[in-house]
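Visitor: Build me a model from this:
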Amino acid sequence: YSHSYASDGAFVWFAHGQTLTTGGGWRTFTSAYSKSALSHNTLLVNGQGQALANPYQPVSPYVARPLAIEQKPGLVYWAADLSRGYDHVPGLARATRHVAFVDDRWFVLFDDLAVTDDTAPATFHW
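Guide: Below you'll find the model as predicted:
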């Protein structure tokens, strides 16, 4: 909790000896940019990123948790539940990130997001 960047489920693309996307957290922890979901490849729900965890009053024993992982020839797959990071977003029912690496050449990123039936439609960004 003490060094949370509020970036669970984020990823960094690195190839050809350099970072191709934001390296989220590459600035000092005191930088507002480092702590913002905008500096990471994670989700925004209605314009809000994940909340920073309070180490003195945690609302949950986890912010994100793995749901599945599988590795076999030609496929590596994982999924994570990111929902608790968005507890402060009214009506969010589910935020699950799925990632599959295929044939050591391709990857698929799929976010499964939903709001409760009694909530206005939401906007999701990453």
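Visitor: Poorly predicted segments of the protein, please.
Guide: Counting by pLDDT under 70, the ranges of the chain that qualify are 1-4, 21-35, 55.
Visitor: all helices for it, in order.
Guide: Per DSSP state H, the chain carries helices over the ranges 32-35.
Visitor: My guess is residue 95 contacts residue 43. True?
Guide: Yes - counting by C-beta atoms under 8 Å, residue 95 touches residue 43, with 6.2 Å between them. Where C-beta positions appear, they are placed from N, C-alpha and C, glycine not excepted.
Visitor: Residue 47 against residue 123, yeah?
Guide: Yes - with contact defined as C-beta under 8 Å, residue 47 reaches residue 123; the gap is 7.2 Å.
Visitor: Between the two, tell me which one has more neighbours.
Guide: Higher neighbour count among residue 47 and residue 123: residue 47, with 12 against 8, using other C-beta atoms under 10 Å.
Visitor: For the more buried one, give me its contacts.
Guide: With contacts defined as C-beta atoms under 8 Å, 6 or more residues apart in numbering, residue 47 is in contact with 123, 125.
Visitor: returning to that earlier point: who has more neighbours, residue 95 and residue 43?
Guide: Set residue 95 next to residue 43 and count neighbours by other C-beta under 10 Å: residue 95 wins out with 25 against 22.
Visitor: Report the beta-bridge partners for that one.
Guide: Per DSSP bridges, the residues bridged to residue 95 are residue 113.
Visitor: ok, residue 125 - contacts?
Guide: Residue 125 sits next to 43-44, 47 when contact means C-beta under 8 Å, 6+ apart.
Visitor: centroid residue for the chain?
Guide: Note on the chain: the residue nearest the mean C-alpha position is residue 9, at 3.0 Å, using C-alpha atoms, centre = their mean.
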